[in-house]
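# Provided below for reference: sequence and predicted model.
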Amino acid sequence: MTSIEFDDVAHSFGDRRVLRGISVELTQDRIGIVGANGSGKSTFARMMNGLVIPDSGTVTVNGLNVAKNKRKVRRQVGFIFSDPDRQIIMPTVVEDIELSLTRVENDKRRRREHALATLADFGLADHADQPSHTLSGGQKQLLALASIMVLGPSILIADEPTTMLDLRNAAMLREVLAGLDEQLIVLSHDLELLADYQRVLVLDDGRLVADDEPGPAIDFYRRLMARG
């Protein structure tokens, strides 16, 4: 069982307090995180693989203190952003997967074989030699996801993964995410995406204000947003 634990975590950017004394343990396979823009949810998520280190308190992943073990933690925790162009680096699709594999595979032939097999798993085999920038939005998000999952993380954090996608591509990505075996933690304004998850957290003004099954948590969030 995977476990991410926050112990009295607080953080500020300059004079702006973005997280305020959050303590929570995340062990379920499917967890959603919701909150208005500026609620602190992205900072909260980025602490899970060391993209942000808290000013105070500790974050641990499977017993590892993230601040002290960023490299080890990042082998276990993958992260995809809403904009896949932030993660796609190489000129062609297969080269982008190969770039990820350079961390773990020295042999070029095996690296290419592994990359092609991964592209097939994500429905991108026919695009292997295509320039990455010519992919559709949904295909780019799949490529970003594939470049993370090829390294075998046990946890995936997805920060608003469907925000920049049209309805068709968003539905396709939801299906792919649903098929993953790894622990999945998704930040989203797409409440339908989270409806069948095991747990949903609600953040507001840097505080964890609700933590429940999706139905009650999403109802709470709707009421919170209605109050303005």
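Noted; the coordinates are in hand.

# lowest confidence element among the helices and strands of the protein?
Ranked by mean pLDDT, DSSP states H and E, the helix or strand of the chain with the weakest confidence is helix 167-178, at a mean of 90.

# chain center to stretch 198-208: distance?
Put simply, stretch 198-208 sits 16 Å off its chain's centre (Cα atoms, centre = their mean, to the nearest Å).

# what does stretch 161-177 give?
14 Å.

# Quick check: buried residues in that stretch?
161, 162, 164, 165, 169, 170, 172, 173, 174, 176, 177 (16 or more other Cβ atoms under 10 Å). From N, CA and C alone the C-beta is placed, and that goes for glycine too.

# Let's have those residues in JSON lines, adding distance to residue 60.
JSON lines is the format used below for the buried residues of stretch 161-177 (distance: Cβ to Cβ, whole Å):
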{"residue": "161", "distance to residue 60": "25"}
{"residue": "162", "distance to residue 60": "29"}
{"residue": "164", "distance to residue 60": "32"}
{"residue": "165", "distance to residue 60": "33"}
{"residue": "169", "distance to residue 60": "35"}
{"residue": "170", "distance to residue 60": "33"}
{"residue": "172", "distance to residue 60": "34"}
{"residue": "173", "distance to residue 60": "29"}
{"residue": "174", "distance to residue 60": "30"}
{"residue": "176", "distance to residue 60": "29"}
{"residue": "177", "distance to residue 60": "25"}
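
# between those, which is nearest residue 83?
The nearest member of those to residue 83, counting by Cβ to Cβ, is residue 164 at 6.0 Å.

# so which strand or helix has the spatially most distant residue from the centre of the chain?
Relative to the C-alpha centroid of the chain, counting by Cα atoms, centre = their mean, residue 109 is the outermost residue, at 29.9 Å. Applying DSSP states H and E as the criterion places residue 109 in helix 108-121.

# Show me what that helix is packed up against.
helix 93-101, helix 137-149 (3 or more Cβ pairs under 8 Å, 6 or more residues apart in numbering; DSSP states H and E).

# Could you list the low-confidence segments of this structure?
Within the chain, no stretch has pLDDT under 70.

# 80 - rerun?
228 (pLDDT under 80).

# Break down it into its helices, ranges please.
41-46, 70-76, 93-101, 108-121, 137-149, 167-178, 191-194, 214-227 (DSSP state H).

# Could you export these as a markdown table, including distance to residue 12?
Below are the helices of the chain laid out as a markdown table (distance: least, Cβ to Cβ, whole Å):
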| stretch | distance to residue 12 |
| --- | --- |
| helix 41-46 | 10 |
| helix 70-76 | 20 |
| helix 93-101 | 33 |
| helix 108-121 | 39 |
| helix 137-149 | 29 |
| helix 167-178 | 32 |
| helix 191-194 | 28 |
| helix 214-227 | 23 |
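
# Of the ones you listed, which is nearest residue 3?
Going by Cβ to Cβ, the one of the helices of the chain nearest residue 3 is helix 70-76, 10.8 Å.

# Tell me the buried residues in that closest one?
Residues 73, 74, 76 are the ones in helix 70-76 that count as buried (16+ other Cβ under 10 Å).

# Make a markdown table out of those and add distance to residue 191.
Below are the buried residues of helix 70-76 laid out as a markdown table (distance: Cβ to Cβ, whole Å):
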| residue | distance to residue 191 |
| --- | --- |
| 73 | 29 |
| 74 | 29 |
| 76 | 28 |
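
# Out of the helices of the chain, which is closest to residue 155?
It's helix 70-76; of the helices of the chain, that one is closest to residue 155 (Cβ to Cβ) at 6.0 Å.
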